[in-house]
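3D model of this:
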Amino acid sequence: MKPISPEEARSYLQRWSVATEAERREVRETPIEVKLKQVASLMASAGLFRDPERAASKDEVRMRWVKIRQAYGFE
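Numbers count the residues shown, from 1 in each chain. Just a heads-up that it's a prediction; the model follows:
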């Protein structure tokens, strides 16, 4: 990867600063009704992304931690 000059770094950071401020302004100006609809949509779609394999793996890891805590007397 080619190193960047201090001027290029400042320019890069300035662009990100402008983008961040635009995003903050957009979020501030979004009506609460829209925000609530967005949250409701995300919550309603959560089931679409569940992976049964991952859930089983998560349960396995959880059981390992239970065994570790029991071995060390934390449960």
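
need phi/psi at residue 49.
Reported as degrees, to the nearest 10, the phi and psi values for residue 49 are phi -110, psi 10.

and it, how close does it get to residue 42?
According to Cβ to Cβ, to the nearest Å, residue 49 and residue 42 sit 10 Å apart. Using the backbone N, CA and C atoms, a C-beta is placed for each residue, glycine as well.

pull up the overlap in contacts between these two.
Counting by Cβ atoms under 8 Å, 6 or more residues apart in numbering, no residue touches both residue 49 and residue 42.

remind me, longest helix of the chain?
helix 6-29 (DSSP state H).

the next helix or strand after it - what's its average pLDDT?
Using DSSP states H and E, the helix or strand that directly follows helix 6-29 along the chain is helix 32-45. Averaged across helix 32-45, pLDDT comes to 94.

ok, then the element right after helix 32-45?
For helix 32-45, the following helix or strand on the C-terminal side (DSSP H and E) is helix 52-71.

what sits closest to residue 12 if chain neighbours are left out?
In space, and not counting its chain neighbours, residue 12 is closest to residue 4: 7.3 Å by Cβ to Cβ, 6 or more residues apart in numbering.

the one you found: what secondary structure?
Three-state assignment for residue 4 (DSSP: H, G, I helix; E, B strand; the rest coil): coil.

gap between it and residue 19?
Taking Cβ to Cβ, one finds residue 4 at 18 Å from residue 19.

can you check residue 40 too?
Counting by Cβ to Cβ - residue 40 and residue 19 are separated by 27 Å.

same check on residue 27?
Note on residue 27: its distance to residue 19, by Cβ to Cβ, is 13 Å.

now residue 61
According to Cβ to Cβ, residue 61 stands 37 Å off from residue 19.

same question, residue 63
44 Å.

and what of residue 2?
Taken as Cβ to Cβ, the span from residue 2 to residue 19 is 23 Å.
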